[in-house]
Every structure is written in C-alpha cells, then in structure tokens.
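Enquirer: could you work out the structure for the sequence below:
(2 chains)
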Number of protein chains: 2
Amino acid sequence: MQVKKLGERGIISMIHRMQSSPPPGFVGIGDDAAVLPGNTAGWLISQDMLVEDIHFRWDWATPEQVGGKAAQVNLSDIAAMGGRPVAALTSVAVPARTSSEVLESLYRGMTRAFDPLGVVILGGDTVGSVDRLVLDVAILGVPGDHGPALRRGARPGDRLLVSGRLGASYAGYMLLSHGTSWPGNSVDDRSVLTAHLDPEARTRLGQAVGPWVHAMTDVSDGLASEVSELTQFGAVGADVRLDRLPVCRATQAIAARYGTDPWEWALFGGEDYELLMAVPPSHVDQVLNVGRVMGIAITDIGIFTDAGRTRWLDGDEERVVDGDRAFDHFSR
Amino acid sequence: MQVKKLGERGIISMIHRMQSSPPPGFVGIGDDAAVLPGNTAGWLISQDMLVEDIHFRWDWATPEQVGGKAAQVNLSDIAAMGGRPVAALTSVAVPARTSSEVLESLYRGMTRAFDPLGVVILGGDTVGSVDRLVLDVAILGVPGDHGPALRRGARPGDRLLVSGRLGASYAGYMLLSHGTSWPGNSVDDRSVLTAHLDPEARTRLGQAVGPWVHAMTDVSDGLASEVSELTQFGAVGADVRLDRLPVCRATQAIAARYGTDPWEWALFGGEDYELLMAVPPSHVDQVLNVGRVMGIAITDIGIFTDAGRTRWLDGDEERVVDGDRAFDHFSR
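Expert: Numbering: from 1, shown residues only, chains lettered A, B, ... in the order given. The predicted structure follows:
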C-alpha cells in the first residue's frame, strides 16, 4: 500500500500499535499538541534531522536502520547531558509513492530504540515530499539529580575521558562508499558497518557518569571539534594524547586498506556517538568503574590545562590538528 | 555567501543576534540539548514540517514568508490547546548552494513571529539537503490555568463557534496556482494571498477563550475534517449550518471567478488556522465578547447533539459532506 493511501490517521494508528502507552499524565498523538506533565527538575530537549542522500542512502541502509539511527542520534544528545530520555516527536516527509511498509519499518526502527528505554513517541507530523525522505526527531528527557551535564564546566586538571571507540563509523562509511554493502566480507567489515548503520547511543552510560563529570558532550562531529567545544565553553586548554585514541583493530585495518591514517577518521570522521567527558581526578575511578560494570571501554586520552590552547601529542611530538574542522553537515 | 561557508556555528550566532535572550533558567542553543526549567503545569509540545514544492514554492513566497508560516502553523497548535507558547526548536535542511541571505530571511520570518510573543528558539539542527529546503519546527508552550483545551470534551448542547474566516487560504492558493503573484491585482487578491502566505495564528485568542471551551482545535485541515475530529473525540453528533459559515467577500468573489462553490474551500481547503470551539451555552457570551475586544469575528455555526452523526444544513436542506475528506498532506 502507498503511504498516500494509508493517510495520516492510518499512520497514527500504526504508531499506537507499535509502542507502549504513554506514562500517566501524558497526552500523546492525536490532539493539536502533546501534553507533558510538570516536573520540578525541568526538561532537556533536542532535535536532529536526517535527509535522504545526505545522511543516509536506501542502497546502503534499510528503513529500520534509518529509523533506528534517527532515534539513536537524538538519544545521544540526551545522554550527553547525563539525562534520561522520556518522549519524542517525529516528523517525516515521504514521497507519495513510498510504500506503507517502508514507513512502518522506519517507525519500527525508532520504536525498537525507544521502547526498551521507556521513550514514547507523543506526536509529530507526516507530510509529503517530492522525491526524498526527510526524518526529524525531537527528543525530551529529564536531567539527572545533579542537573544537566553541560559542555561548559571543564577545569584545569580534569582528565579527558572518552567512551568506546573512535573512527569506526567513518570506516563503515568508507566501505559503503566504495561498494561494500552490509554485512560486508569480514568480521572487521561488519564491525564498522554496524557502527555506521546501527549506532547505539550511550544512553545508560550518560546517566550513570553524569554525576561525576564537570562537562560532557557526544562525539557526533569528530573528536577534534568536540574537544574544541569543551575547551572553548570551559575557557581552558587541553593536552590530548593522539597515541592513546581508542581506534579499534577493525578501523585500523580498514584505514590501512585505503592508505589513510585512522587518526584522521577519529578526529574528523564524525557520527561515533561516544561520550567525551571532563572528569575531576578524584572521580576518574568512579567513571572507569561504571564503564567496567557496563562493559564499555573508557579511555583516558588527556588532561585539561590552563594553557589557553590545545596541544595534540604523539609521544613527545606535537601535531597540528584543526579544531574548527568539524564533520561537515553540508557535504557528503 | 553560501550557507555552506557560513557553517553551523555561523548560523547559531545569526540566530542569537536575531532574537531576545531565553528567560532565566533556560539553556538555549549551543549545547547538546536545551534545558527548560521545571513547571508544575506541564508543557504542551507540537511539531510541524514544511517541505519545498509541497507546502511552499520559492516563486510564490519569500523566505521570510516561509519562515513566518512555519512559526504560525506551530503557534496555531499551541493556541488550539489554549496554551501560551514559550520556546521552539527549528530544524532546517538546506541545499548547499543556498545563500546565507535566504537562511537569514527564513529565520527572520520565524523570529518576527516568535519574538513579540516571548517565544525563544532554543535549539534545533541545520543540515544539508540535495535539492529542496525542508523546515521543521517543534514548539513548547504551557497550558492555561484550566489545563489544556483538548479535542475531546464537546457535549450535546454546546455551541460550535469558529473564529475569523474560512476558505481564504485556499482562495489564495488558487490565485497563486493560476499565475497571480503577491500582492495580486486587487484588494480581494491581496486579502486572500495574505491569508495563504502570511497567516497569523490565533495565539492570544486561544489563551483568552481557553477557560470557556469544552473542546477546541484549529482548522488546519478544513472545517469538515475538524468538525469530524471534535465529534469523534467527544462521541457526540453535530448540526452545522453551512449557510452561516464565515466566508469573506474576497473569497466569495474569487470562488465565483473560478466557478467554484466557496463552501468547498471552507470545508476542504485547509490552512485557515482559525479556532473551532465547543462552548457551553452559558459561556458563549464570554467567548463572543473576547472576540469583540480583540477585533476577531467569532461566528456561531451550529450545535453539538446526541444524534450520533453530523448533519450539514443549508436552510431546511441537509447536504452530504465527507468528514473524512481532509486537506491532503500528500498531494498538491
């Protein structure tokens, strides 16, 4: 069936069937606006948009992967504030020829990411599009008891910690753009393709480490850009150890295949959705322990300083890294 | 300058310059998520998307008009809940070749609508697009003291009141699609082109009548569809007087020009952004008085009944009107 025939009411019923009911006090899809009950802690809110042929391609990703990634990208923003995600609004622009199965898979990707976390889609919009699908998700969460973990707050002496691995998403992107499709031809391929097509936000990690960090952000635009955000917002400098960046074996192998330095992908690749934290020395052990309990690697990659600038160190040598060179949302 | 060169940080600075600062307790654009302070009344939240060549065309509307309409469409959803709009998130997908002036005008259209109402853009996303611009706005508001005015709640005996005029937006759309461009060739043309290109949500009216209504919605999808929503949600019937529909002189004249019955446009045209209310007889005078004070016509077009169905009346005759035939978001 075409989406056009399903109609807006059909789409709303479909979403109702797919997810748990909203918690008491919430009014979800179906009215002019959703209603969120009052809470004294306040709300975190963020919005991220994915555009066909810019952020995803149908010959690379399934509709469920695209929906899942849209959800995870937004979950990552709440994780980066140390918050608990609660509700989402989803807007989709779909070409009228699109089959309702595609739309259903797209929403299934979102509800599969949201439902286990208790996140409910409360509303949004479904509209036509001439030729490309656009998906925009707004997410709401509540901050932890210590308040939101902002980008500002890093102090000289804080350690710079990062979760998981860097550059893997870009390695996956490189494979896809050179003709390798999911799941690839090896364990390495599959590992980085998963990082690119099925990323998982650090939702529970963000909440667990929130109380221990001075500042936090996610690594959506590449490490160089995110370090630059934390130092600028905190008015501090940093010494970052390039030789300690967590670049996984698969990413190293694929970088070697394309004759590229994998640091390039870790620093500028983007879309890793890891958490980057400024942690006071007295709390580093707690954060490392949270990582151990959750089975998520957490790596100490440097220290914030009062030097007023960031030094990128490879052993004894300083390298030039452009902190203004972020993942470019206008190209690809 | 191209948007690509302006970059995401340039765009954020641009928005900062254009609008007032967020109220105390809010953290706006620049972090992973915005922070909204707690309130005991809860929040209203809605999201609406506009797509180039579906909802707007650059040969018909200026970027400022498109931005303004995106803002008003969202404000209308909060008005329909009787709420006060507070904050917005704005996501824009723009082709890389777009000039930064276009993006600036688009945002100016939004801030000109939002700023006088105290609504602050707290975040969002700016991304690339292959060839068409997409604008998605999420809006947050607080309900009135009596709680949100929902679609459900109409009771038999309630009067059916509607603000302003119906069908004018579609009359404007007809002119545009037949080659007349803004501001048209007559006072009539200008009036309906304004309704289509520069609609104004009933933001203050919605807040003022909120305490007096049993149910309320806005008329974004045509009167037939919205009456059907109020009767279905309220499990009531209605007698609607077609001969009392507020169709303005300009809309009548333009309908005559195209040999169409203007009721067709009022019932199925969509995008009027008026308010449709179920008002108990004891409160009708208060609502009419609010309209008089604000200079907004409010028309009594019928009554809710326990008949279990809706009758569309023209004098003594009943006409057939398809309540399931809403404004079609997948065509145009």
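
Enquirer: tell me where chain A has helices.
Expert: Along chain A, counting by DSSP state H, helices occupy A:3-18, A:63-79, A:100-114, A:168-177, A:187-197, A:203-209, A:223-234, A:249-257, A:262-268, A:284-294.

Enquirer: can you list the buried residues in the last one?
Expert: Okay, so that is helix A:284-294. A:284, A:287-288, A:290-291 (16 or more other C-beta atoms under 10 Å in any protein chain shown). Placement of C-beta: from N, CA and C, glycine included.

Enquirer: what's the answer for the third one, then?
Expert: Of the residues in helix A:100-114, those with enough neighbours to count as buried (16+ other C-beta under 10 Å) are A:100, A:102-111, A:113-114.

Enquirer: what is the nearest of the buried residues of helix A:284-294 to chain B?
Expert: For the buried residues of helix A:284-294, the residue nearest chain B by C-beta to the nearest C-beta is A:V287; the value is 17.9 Å.

Enquirer: correct me, but the closest one touches A:A297?
Expert: No. Between A:V287 and A:A297 there is no contact under C-beta atoms under 8 Å: 12.0 Å.

Enquirer: for the closest residue to A:K69 other than its chain neighbours, what are its contacts?
Expert: Distances taken as C-beta to C-beta, 6 or more residues apart in numbering or on different chains put A:P199 closest to A:K69, at 6.2 Å, once the chain neighbours are dropped. Contact partners of A:P199, counting by C-beta atoms under 8 Å, 6 or more residues apart in numbering or on different chains, are A:69, A:72-73, A:76, A:169, A:271-273.

Enquirer: now do A:A71
Expert: A:88, A:109-110, A:113-114, A:119, A:137.

Enquirer: what's the answer for A:R159, then?
Expert: A:278-281, A:284, A:300, A:302-304.

Enquirer: recalculate using a threshold of 10 Å.
Expert: Shown in contact with A:R159 (C-beta atoms under 10 Å, 6 or more residues apart in numbering or on different chains): A:214, A:277-281, A:283-284, A:287-288, A:300-304.

Enquirer: just A:E264 next, same as before
Expert: A:167, A:170, A:222, A:224, A:255, A:321.

Enquirer: what angle do the least confident helix or strand in chain A by mean pLDDT and helix B:223-234 make?
Expert: Between all helices and strands in chain A, the lowest mean by mean pLDDT, DSSP states H and E belongs to helix A:3-18, at a mean of 78. Between the axes of helix A:3-18 and helix B:223-234, defined by axes from the mean of the first three to the mean of the last three C-alpha atoms, to 10 degrees, the angle is 20 degrees.

Enquirer: so how far is helix A:3-18 from its chain's centroid?
Expert: Centre-to-centre, helix A:3-18 and its host chain are 27 Å apart (C-alpha atoms, centre = their mean, to the nearest Å).

Enquirer: stretch A:256-264 now?
Expert: Centroid separation for stretch A:256-264 versus its chain: 23 Å, with C-alpha atoms, centre = their mean.

Enquirer: check the average confidence over that stretch, would you?
Expert: Averaged across stretch A:256-264, pLDDT comes to 95.

Enquirer: next one: stretch A:51-67
Expert: 96.

Enquirer: swap in stretch A:114-131?
Expert: 92.

Enquirer: report the buried residues of it.
Expert: By neighbour count on 16+ other C-beta under 10 Å, the buried set for stretch A:114-131 is A:114-115, A:117, A:119-129.
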